[in-house]
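Chemist: What follows is a predicted protein model with its sequence.
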Amino acid sequence: MAEESYQTVVVGLTEHILPLVPDLIRKLKKGIKVLDIGCGMGKAVNTMAKSFPNSTFYGYDLSSQAIEVAKKEATAMGNPNTVFQVQDILNLTFNDKFDLITAFDAIHDQPKPGEVLRNIYKSLNNGGIFLMQDIHASTPKRQY
Ligand SMILES: C[S@@+](CC[C@H](N)C(=O)[O-])C[C@H]1O[C@@H](n2cnc3c(N)ncnc32)[C@H](O)[C@@H]1O
């Protein structure tokens, strides 16, 4: 997954995807607090952290193996502005608030996407931004 999303997300992240949000590059250069949910092996987080050293980047994922890889890569890349945690995004506590939350290919995996999106909303600072990239999908009419 990390290899695939490297080609579809990470390669175009700083030049094409982040500039889609007005004023976001200026804010990232100045320094904001960012969370990537379902960060996997942290390729997007580590890429952003390298490009924007004044901002702090958190990566949350359920998978402890993925988080270990992300931490190792952060060390190898010299990214002190990263925090990777094993965390279920269904159980966010809202103690931490963020200026930008990103979700790359992570919402469609959720059994309760509505709850996750509500959690994301509650975890944003005033004026915070949610940037999401995902597959074009819809919920079947079945009840779960
Ligand atoms: C399709 S992968 C995308 C990973 C990464 N964003 C990327 O683009 O390479 C979805 C990721 O979301 C994580 N994930 C799924 N449900 C989660 C949850 N409830 N809390 C945290 N992470 C979750 C999975 O472990 C997986 O790493």
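Modeler: Thanks, I have the structure now. On a predicted model such as this, the values are computed, not experimentally measured, just so you know.

Chemist: Which strand runs longest in this structure?
Modeler: In the chain, taking DSSP state E as the definition, the longest strand is strand 124-133.

Chemist: what's next to that one, contact-wise?
Modeler: Contact with strand 124-133 is made by 9, 17-18, 20-21, 24, 33, 97-105, 107, 120-121, as judged by Cβ atoms under 8 Å, 6 or more residues apart in numbering. C-beta here means a position set from N, CA and C on the backbone, and glycine is covered the same way.

Chemist: PyMOL command for the buried members of those?
Modeler: In PyMOL, a selection of the buried entries from the contacts of strand 124-133 looks like this (16 or more other Cβ atoms under 10 Å):
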select buried, resi 9+17+18+24+33+98+99+100+101+102+103+104+105+107+120
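
Chemist: show me which of the contacts of strand 124-133 neighbour the ligand.
Modeler: When contact is defined as Cβ under 6 Å from any ligand atom, the contacts of strand 124-133 meet the ligand at 9, 104-105.

Chemist: Output those as JSON lines; include the columns distance to Ala66.
Modeler: Output for these, formatted as JSON lines (distance: Cβ to Cβ, whole Å):
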{"residue": "Val9", "distance to Ala66": "15"}
{"residue": "Phe104", "distance to Ala66": "13"}
{"residue": "Asp105", "distance to Ala66": "13"}
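
Chemist: any chance of those residues in CSV, with pLDDT and secondary structure too?
Modeler: CSV is the format used below for those (pLDDT from 0 to 100; DSSP: H, G, I helix; E, B strand; the rest coil):
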residue, pLDDT, secondary structure
Val9, 80, coil
Phe104, 94, strand
Asp105, 92, coil
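
Chemist: Go through the residues you listed and name the one nearest Thr93.
Modeler: Phe104 (22.7 Å; Cβ to Cβ).

Chemist: contacting residues for the closest one?
Modeler: By Cβ under 8 Å, 6+ apart, the residues touching Phe104 are 5, 9, 36, 38, 44, 132-134.

Chemist: swap in Tyr60?
Modeler: 35-39, 84-87, 89.

Chemist: ok, now how distant is the closest residue in space to Lys112 that isn't next to it in sequence from Ile32?
Modeler: Closest residue to Lys112 apart from its sequence neighbours, by Cβ to Cβ, 6 or more residues apart in numbering: Leu90 at 6.4 Å. According to Cβ to Cβ, to the nearest Å, Leu90 stands 25 Å off from Ile32.
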